[in-house]
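Enquirer: For reference, the sequence and a predicted model appear below.
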Amino acid sequence: MRIVIDRVAKTYVDHQGHAVDALRDVSFSVLLPVSSGEVTFESPPPGRPLTAMVFQEFALFPWRTVQGNVEFGLDELGMAVAERGRKARALIEMTGLAGFEARYPHQLSGGMRQRVAIARALAVDSAALLMDEPFSALDAQTRQLMQDELLALWEQARTTILYVTHNIQEAVYMADRVVVLSRRPGRVLAEIVVPLKRPRTEAMQAEPGYLETVERIWSLITYAGVRQADPLLIRAAVSFGAGRLSVIRKVVLPSALPMIVAGLRLAAGTALLLLVAAEMIAVESGVGFLVLHAGNIMATTKLMVGIVVLSLLGVLSHWGLGRLERALIPWRAGT
């Protein structure tokens, strides 16, 4: 079964009444109400819902327990009370929530709430599972754990998943195929097959295939940012007599700076990750080795020191790149 998205466009209207193109002529096979084009299912399985959705903000019903939330879609399908109870309990156990059936959403952590949302979506056994940045609201450690849990669930259910994310590493780590979209209006820049075997493990993030794919996607996005300077701004510069080099220096490069800085952020995070991974695997010194060795011998104090140092490195990197971004592009809203 394949989902086919054919020449899809999506246009919004801003607060001033102007049309804003979010997507333009996007086509690929694998929902949103579209402004034009078609989204179709080839050979959809009979008797099953076409889609189920996992949202970025959990979207759990606060007046329902974990069991009640997971049963919601089954109830709408008309499933008998006893049968939907059994199915919901099986999925609750599969997602590591056994013992929390009677808890309400406010009594759960962020990761547990998202497990409930995933269990609710899997319960209806849809042809495709749609996930809109489901882990973006979680902290880094919980996000990694949830990625691994989702991959483990996929190994059991083998449901087709269409997963939207802005995190390149997450896309490459989890997907078989990555569809790279450009900036607004979104166009398909490339469809990239991920050369990693399954089941996926964290160790694969140090493999050449993973690193090369992340680099390729980053290059595509950065190059697209350089190419996508607003044509109106280019025409405005030319109308004042700007030559080719002047247009590149004064229009194209400033327009590309947000994407270049985004690339620097990605590169810094990847470099730190690889440095720590290399210290864990190949050497007997460094913060990565300290964390690994301390964990193996249960040296809690040393382990905590290593974690604190890694956290400080991440915070300092984020702070430094934020300062650089504000210096390079002070005109950008939100910097």
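Expert: In hand now; what should we look at? Quick caveat, the model's predicted, so the values are computed rather than measured. Residues are numbered from 1 along each chain as shown.

Enquirer: Where does the prediction get shaky in the stretch 201-335 of the chain?
Expert: For the stretch 201-335 of the chain, the stretches with pLDDT under 70 are 222-228, 333-335.

Enquirer: Next, the contact list for the residue nearest to residue 163 when sequence neighbours are not counted, please.
Expert: In space, and not counting its chain neighbours, residue 163 is closest to residue 131: 4.6 Å by CB to CB, 6 or more residues apart in numbering. In this view, the C-beta of every residue, glycine as well, is placed from N, C-alpha and C. Neighbour list for residue 131: 53, 54, 161, 162, 163, 164 [criterion: CB atoms under 8 Å, 6 or more residues apart in numbering].

Enquirer: Can you tell me which of those comes closest to residue 89?
Expert: residue 54 (19.8 Å; CB to CB).

Enquirer: tell me which residues of stretch 213-223 are tucked away?
Expert: By 16 or more other CB atoms under 10 Å, the buried positions in stretch 213-223 come out as 213, 214, 216, 217, 218, 220, 221, 222.

Enquirer: From these, which land in helices?
Expert: Judged by DSSP state H, the buried residues of stretch 213-223 include 213, 214, 216, 217, 218, 220, 221, 222 as members of helices.

Enquirer: just to revisit the earlier point, quickly find the element holding the residue nearest to residue 163.
Expert: Residue 131 is part of strand 128-132 when elements are defined by DSSP states H and E.

Enquirer: Ok, residue 75 next?
Expert: Using DSSP H and E, the element containing residue 75 is helix 66-76.

Enquirer: which outside residues touch the next helix or strand along the chain from that helix?
Expert: Toward the C-terminus, helix 66-76 is succeeded by helix 81-94 as the next helix or strand (DSSP H and E). Contacts to helix 81-94, defined as CB under 8 Å, 6+ apart, come from residues 66-67, 70-71, 74-75, 79, 98, 100-101, 119, 122-123, 153, 156.

Enquirer: cutoff 7 Å now
Expert: Under the contact criterion CB atoms under 7 Å, 6 or more residues apart in numbering, helix 81-94 has outside partners 66, 67, 70, 71, 74, 75, 98, 101, 119, 122, 123, 153.
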